[in-house]
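Undergrad: 3D, please:
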Amino acid sequence: MSIDRSTGRPAPDVLADLASWRAADPPTHGGRILSYVYDPGRPDLDEVASQAVRMFLPVNGLDPTTFTSVAELESRLVAFARDVLHGDEDTVGSVTSGGTESCMLAVKSARDLWRTTNGPTARPTLVLPTTAHPAFHKAAHYLDLDVLAVPVDPRTGAPTATDVLARVDERTALVVVSAPSYPFGVIDPVAEVAASAGVPVHVDACIGGWVLPWWGGIERPWDLAVPGVTSISADLHKFGFAPKGASVVLYRSRERHRAQYFATTAWPGYPVVNPTMLGSRGVGSMAAAWAVLQVLGTSGLAELVGSTRAATDALVTAVSGVVGLRVVGDPTGPLVAVATDESVAAADRVDPFLLIDEVRRRGFLLQAQPAMVQPDGSVLPRTAHLTVTPVTGTVVADLVATLAAAADEVRGLPPAAPDPSLAATVLSEGLPDDLAVVMATLEALPAELVQPLLVEVLAATVDPAREGLSGR
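TA: Just a heads-up that it's a prediction; the model follows:
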């Protein structure tokens with residue numbers, strides 16, 4: 001289709017296009033999406049964030065010596081996070097574009113410091129549980145490290161400190177533990193690992209960093225209060241309720257923070273100094289994060305965490321009472337993974353993928369997590385993942401009833417089975433509404449086939465040649 005782009009269009013028409021595309025999205029407010037979005041249920045926070053973003057739209061975070069407001073914002077956010085996560089006067093860090101960037105920078109810092117004693121081209125290892133976020137695999141891919149993945153207990157979702165420490169040797173640049181892990185919502189043995197690792201330890205608290213400080217009942221320390229923890233990441237755009245994307249990465253020392261920087265004068269332009277992966281940086285989300293935290297304060301954050309915990313507890317209790325389902329492990333925080341209870345008869349079991357499709361038809365969106373064969377041959381179960389937020393409490397009764405009704409509808413049905421012929425259909429026609437068979441197929445196929453297929457499916461969604469593109 002040929003489109004004339006030489007003339008502009010009236011702003012109302014352009015905005016109408018945006019509104020129509022946005023209307024096709026699932027509702028990001030109201031608690032119906034149990035992943036991806038973090039709704040505090042506070043319209044006033046949305047408003048202050050919007051105003052902060054608008055105020056800082058033109059600002060470039062590339063140079064805080066020119067735009068000094070960037071330095072004011074970033075230093076204050078780092079100080080707030082340092083206090084919440086039990087850092088001290090030597091704790092420093094940066095605001096990043098999100099958890100992936102925070103994790104990648106922590107890996108870069110550890111790799112570069114490791115190479116100062118092992119040589120500039122030596123290839124170190126990254127030791128982590130299988131439940132660690134893929135951001136660390138991405139970091140290893142980009143930054144030339146080998147990943148040593150440690151199996152977790154399929155029942156609890158957590159690794160043992162002994163198993164993690166067994167993989168640490170002279171090639172280890174960094175050990176990663178989670179507080180909590182995304183797949184199962186459990187806190188790894190942070191203190192036990194950090195006490196004996198003898199190498200840098202990073203805590204991925206991208207989810208938990210702005211939740212666990214006020215969760216209550218956590219007996220084992222997990223943040224910078226733990227000796228041996230050298231860095232930590234915590235996402236402001238999750239339970240800090242800032243717009244995407246804003247995160248914080250903190251370091252125990254200035255040396256480790258400086259190691260994440262990139263600087264060069266190897267061109268005839270201005271001297272380049274980048275603290276993060278990005279050069280030019282949008283500052284809107286940073287400004288919004290600061291504004292939201294200032295409006296809330298720690299008491300407001302604690303109140304929202306209280307609402308989140310009440311909804312999480314109600315959800316865990318309800319799921320535990322549904323025949324055919326079980327909660328994986330003992331989640332600490334707002335993440336819940338629901339698996340088939342294989343201790344009951346086959347006629348009473350509920351397949352998580354079928355459950356997710358049935359729940360979607362009833363108005364809630366859960367996230368499918370495929371089963372995984374770990375390096376030791378043990379298998380982590382397929383699960384339905386739920387991220388609970390403060391607003392979940394307003395719909396938790398409906399959610400619990402929906403889960404029970406959906407389970408009744410699919411109980412005893414055979415689990416979704418793989419269909420190898422489905423790949424061609426998805427590539428030509430896109431994803432179907434019901435994803436149980438799709439997820440089962442991805443679960444069954446080898447990684448060398450699945451990963452390119454995933455790339456093709458996602459790339460096709462933004463291909464300008466796709467059918468129906470208006471060209472505007």
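
Undergrad: residues of the one helix or strand residue 93 maps to that come out buried?
TA: Using DSSP states H and E, residue 93 falls within strand 92-96. Buried residues in strand 92-96, counted by 16 or more other CB atoms under 10 Å: 92, 93, 94, 95, 96. C-betas here are computed from N, CA, C, even on glycine.

Undergrad: Is it correct that the fourth one is in contact with residue 246?
TA: Think residue 95. Yes. Counting by CB atoms under 8 Å, residue 246 is a contact partner of residue 95 at 6.2 Å.

Undergrad: hang on, the earlier thing: same list (the buried residues of strand 92-96) but as TSV, adding pLDDT and distance to residue 186.
TA: Output for the buried residues of strand 92-96, formatted as TSV (pLDDT from 0 to 100; distance: CB to CB, whole Å):
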residue	pLDDT	distance to residue 186
92	98	29
93	98	25
94	97	28
95	97	28
96	97	25
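
Undergrad: residues touching the closest residue to residue 27 other than its chain neighbours, list them.
TA: In space, and not counting its chain neighbours, residue 27 is closest to residue 33: 6.9 Å by CB to CB, 6 or more residues apart in numbering. For residue 33, the contacting residues are 26, 27, 364, 365, by CB atoms under 8 Å, 6 or more residues apart in numbering.

Undergrad: SS state for the second one?
TA: Following DSSP: H, G, I helix; E, B strand; the rest coil, residue 27 is assigned to coil.

Undergrad: what about it, neighbour count?
TA: 12 (other CB atoms under 10 Å).

Undergrad: And it, how far from residue 363?
TA: 9 Å (CB to CB, to the nearest Å).

Undergrad: residues shared between the contacts of the two?
TA: Joint contacts of residue 27 and residue 363 (CB under 8 Å, 6+ apart) do not exist.

Undergrad: The lowest-mean-pLDDT helix or strand in the chain: which residues count as buried?
TA: Scoring the helices and strands of the chain by mean pLDDT, DSSP states H and E places helix 422-429 at the bottom, with a mean of 78. For helix 422-429, burial by neighbour count (16+ other CB under 10 Å) applies to 422, 423, 426.

Undergrad: Identify the residues contacting the closest residue to residue 118 other than its chain neighbours.
TA: Distance criterion CB to CB, 6+ apart; nearest residue to residue 118, sequence neighbours excluded, is residue 124 at 7.0 Å. Taking CB under 8 Å, 6+ apart, we find residue 124 in contact with 110, 111, 114, 115, 118, 145, 146, 171, 172, 173, 174.

Undergrad: switch to 10 Å and redo it
TA: With contact taken as CB atoms under 10 Å, 6 or more residues apart in numbering, residue 124 is in contact with 107, 110-111, 114-115, 118, 140, 143-146, 170-174, 199.

Undergrad: just residue 332 next, same as before
TA: 179-180, 185-187, 208, 211-212, 215, 217-220, 222, 309, 312.

Undergrad: Report the secondary structure state of residue 257.
TA: helix.

Undergrad: Could you report the pLDDT at the nearest residue to residue 123 once chain neighbours are set aside?
TA: Leaving aside its chain neighbours, residue 123 sits nearest to residue 144 (5.9 Å; criterion: CB to CB, 6+ apart). Looking at residue 144, its pLDDT is 96.

Undergrad: Now residue 144. Its backbone dihedrals?
TA: phi 70, psi 50 (degrees, to the nearest 10).

Undergrad: In this structure it contacts residue 112, no?
TA: No. The criterion here is CB atoms under 10 Å, and residue 144 misses it with residue 112 at 11.2 Å.

Undergrad: Which one of these two is surrounded by more residues?
TA: Set residue 144 next to residue 112 and count neighbours by other CB under 10 Å: residue 112 wins out with 18 against 13.

Undergrad: Isn't the more buried one up against residue 120?
TA: Yes. Taking contacts as CB under 10 Å, residue 112 lies within contact range of residue 120: 9.1 Å.

Undergrad: Residue 446 is in contact with residue 420, correct?
TA: No. Using CB under 10 Å, residue 420 is not in contact with residue 446; the gap is 11.3 Å.

Undergrad: circling back: got CSV for the buried residues of helix 422-429, with distance to residue 394 too?
TA: CSV is the format used below for the buried residues of helix 422-429 (distance: CB to CB, whole Å):
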residue, distance to residue 394
422, 37
423, 40
426, 35
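
Undergrad: Please identify which of those residues is nearest to residue 282.
TA: Closest approach to residue 282 among those (CB to CB): residue 426, at 33.8 Å.

Undergrad: out of everything not next to it in sequence, what's closest to that closest one?
TA: residue 457 (6.0 Å).

Undergrad: domains of the chain?
TA: 51-293, 299-410, 422-461 (automatic domain parsing).

Undergrad: mind giving me TSV with those domains and columns for distance to residue 11?
TA: Listed next are those as TSV, based on distance: least, CB to CB, whole Å:
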stretch	distance to residue 11
domain 51-293	16
domain 299-410	32
domain 422-461	27
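
Undergrad: mind listing what residue 25 touches?
TA: Taking CB under 10 Å, 6+ apart, we find residue 25 in contact with residue 33.

Undergrad: buried ones in the lengthiest helix in the chain?
TA: The helix that spans the most residues within the chain, counting by DSSP state H, is helix 284-320. For helix 284-320, the neighbour count (16+ other CB under 10 Å) marks 284-293, 296, 300-301, 303-305, 307-309, 311-312, 314-316, 318-319 as buried.

Undergrad: what's that helix packed up against?
TA: helix 43-55, helix 68-84, strand 92-96, strand 247-251, strand 325-327, strand 335-340, strand 383-387, helix 396-410 (3 or more CB pairs under 10 Å, 6 or more residues apart in numbering; DSSP states H and E).

Undergrad: Would you mind getting the angle between the fourth one and helix 284-320?
TA: With axes from the mean of the first three to the mean of the last three CA atoms, to 10 degrees as the basis, strand 247-251 and helix 284-320 are set at 90 degrees to each other.

Undergrad: The first one now?
TA: Per the same axes, to 10 degrees, the angle that helix 43-55 makes with helix 284-320 is 150 degrees.

Undergrad: I would like the residues contacting helix 43-55, please.
TA: 29, 39-40, 42, 69, 73, 241-243, 282-292, 294-296, 300, 304.

Undergrad: mind checking how far that helix is from the chain centre?
TA: Computed by CA atoms, centre = their mean, to the nearest Å, the chain-centroid distance of helix 43-55 equals 23 Å.
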